[in-house]
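Novice: sequence first, predicted coordinates after that:
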Amino acid sequence: MRNIAVVMGGYSDESVISLRSGQLILNHLDKTKYHIYEVHIVSDSWNVLLNDKKYDINRADFSVTIDDQKITFDVVVNTIHGTPGEDGHMQAYWELVNLPYTGCNFYQSSLTFNKRDTLSVLSKFNIPRAKSIYLTEGMPIHVDDVMAELGLPFFVKPNQSGSSLGVSMVQNPSEFDKALAFAFAEDKDILLESYLKGTEISVGVLKYKGVTTVLGITEIIPKNAFFDYEAKYLGKSEEITPARISVEVEQLVKETAIKVYDSLGMQGFSRTDFIIMDGIPHFIEINTNPGLSPQSIFPQQAAFAGMNFADLLDNEIKLALDRKPIWEK
């Protein structure tokens, strides 16, 4: 049987969500097929948890020694949200030690974690999106200029952050400075985006048996002003699968979500968020390591689609094993 490392944690505030995602994967991996190891990567340690004991990961080759036996892994199932597992750092490291891993490669991970660069790439493929202004900490900006460009309300977002951390909706000029400080606390680069009034949806997409496949379309009705951290993880939203949209709009959403996935060269689980405005899905962002906790959308969509989660994980492991290291391509 293959040795599988289920890697979770991370260095950001999303680590607590990652640990929940990791537990779902541990519960669904087929123990008759794999030797499964729980691996925590946090800022002060990398270790394997086994029978309430911690064993240090050897960072030279991502191995572990347990009871004087060296264990190497055949595949990493990566479920780190945020840095360093969703922004390309861990992926580049695993490439260097020649260790297969699930999800997209280091370049796609780095690209899609950067909202500005993702929008820039997708603009070449005519994907509808909000108007935006890019801002680096210290650059002069006046709220009147922003309102002239984006109108009111508008969003202030960290350029590289997940789970809606650091995101604010500015509904009047007096809120602008506070929103800037909130976003800059997460990242030195931020995005200001126009408000899109419409139906918010989240679309699960993956490469399944070689075909880019839409898992499901979920309509999101946040109890807060928008789909923020509380709405995502603390139950302050209503999530309806399938989304209440027409057959024509559903088809356009599927086509657009697949186009986004393929245009970005994606592989692995993903969740892409859109706002449907005037019947047109407008791209918001893509998550390349979507939450897999019981509250998360992607597992809900898998259940609705009647797809066995263990089968989806088997598919991910096969894709990882089939992918050659970047230097062999």
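Specialist: The structure has been received and is ready for your questions.

Novice: tell me where the model's unsure across the stretch 1-150 of the chain.
Specialist: Nowhere does the stretch 1-150 of the chain drop to pLDDT under 70.

Novice: one more time with 90
Specialist: Residues of the stretch 1-150 of the chain meeting the criterion pLDDT under 90: 12-14, 138, 140.

Novice: where exactly do the strands run in it?
Specialist: All strands of the stretch 1-150 of the chain, identified by DSSP state E, counting those that start in this stretch, fall at 2-9, 34-42, 45-50, 53-58, 63-66, 69-71, 75-78, 132-136.

Novice: and the fourth one, what's buried?
Specialist: Buried positions in strand 53-58, judged by neighbour count with 16 or more other Cβ atoms under 10 Å: 55, 57. (C-beta placed from N, C-alpha, C; glycine too.)

Novice: do a quick rundown of the strands in the stretch 201-329 of the chain.
Specialist: In the stretch 201-329 of the chain, the strands defined using DSSP E, counting those that start in this stretch lie at 211-222, 237-240, 270-277, 280-287.

Novice: what helices or strands is the longest one leaning on?
Specialist: Using 3 or more Cβ pairs under 8 Å, 6 or more residues apart in numbering; DSSP states H and E as the contact criterion, the elements in contact with strand 211-222 are strand 199-208, strand 237-240, helix 247-263, helix 297-304.

Novice: next: the third one.
Specialist: Judged by 3+ Cβ pairs under 8 Å, 6+ apart, strand 270-277 is in contact with strand 199-208, helix 247-263, strand 280-287.

Novice: on that earlier part again, please tabulate the strands of the stretch 201-329 of the chain in JSON lines, including the columns distance to A303, mean pLDDT and mean neighbour count.
Specialist: JSON lines is the format used below for those (distance: least, Cβ to Cβ, whole Å; pLDDT from 0 to 100; neighbours: other Cβ atoms under 10 Å):
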{"stretch": "strand 211-222", "distance to A303": "9", "mean pLDDT": "94", "mean neighbour count": "18"}
{"stretch": "strand 237-240", "distance to A303": "12", "mean pLDDT": "88", "mean neighbour count": "16"}
{"stretch": "strand 270-277", "distance to A303": "15", "mean pLDDT": "96", "mean neighbour count": "23"}
{"stretch": "strand 280-287", "distance to A303": "19", "mean pLDDT": "96", "mean neighbour count": "22"}
